[in-house]
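Participant: The following block contains a protein sequence and its predicted model.
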Amino acid sequence: MKTKKIINTVSAIILALFALLTLFLSSSVIFDWFGIRAKEGNYVLLIVWANFICSILYLFAVYGFLKRAKWTFWLLITALGILIVAFIALLFYVNNGGVHEAKTINAMIFRMLVTLSFSLVVFFNINKKLK
């Protein structure tokens, strides 16, 4: 029992850091804070908005981790769904000759794997009824 609490707390801390970093970077591109938009090069606005929305969902998920709320799983699955849809749209965009940064595809794969990992942590440590 204590191990699950430690896993949830550590997961919440890591997810909070990931969420805040994502929120800062995506909002900096959207609102052009600190000249980050120019440094990002050929960003895809759909991906930036998907990351921004997911960062807000991640912050709510942090609260869910700390409260051991069962809805945390569904919140993270929703974020994963948003990322998957945005990634599919990105692939269509790229295949149709859209200008993008090569790192965007790798970053999206990484973000989807991180979100899936946190979803699995919630599934196995909080959502006993879903097993």
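Facilitator: Right, received. Where do you want to start?
Participant: Counting residues, which helix of the protein comes out longest?
Facilitator: When the chain is parsed with DSSP state H, its longest helix is helix 2-31.
Participant: So which elements touch the following helix or strand past it?
Facilitator: Next in sequence after helix 2-31, counting helices and strands by DSSP states H and E, comes helix 36-40. Applying 3 or more CB pairs under 8 Å, 6 or more residues apart in numbering; DSSP states H and E, one finds that helix 36-40 makes contact with helix 2-31. C-betas here are computed from N, CA, C, even on glycine.
Participant: what stretches of the chain score poorly on pLDDT?
Facilitator: Screening the chain residue by residue with the criterion pLDDT under 70, one finds the ranges 1, 128-131.
Participant: Can you tell me the centre-most residue of it?
Facilitator: Computing the C-alpha centroid of the chain and ranking residues by CA atoms, centre = their mean puts residue 54 first, at 4.8 Å.
Participant: Who are the contact partners of it?
Facilitator: Contacts of residue 54 were listed using CB atoms under 8 Å, 6 or more residues apart in numbering, and they are 22, 79, 82-83, 111, 115.
Participant: sorry, back to before: what's the longest helix of the chain packed up against?
Facilitator: Using 3+ CB pairs under 8 Å, 6+ apart as the contact test, the elements touching helix 2-31 are helix 36-40, helix 45-67, helix 102-125.
Participant: For those helices, state which one has the densest average packing.
Facilitator: Here the criterion is mean neighbour count by mean count of other CB atoms under 10 Å, and of these the winner is helix 45-67, at a mean of 19.
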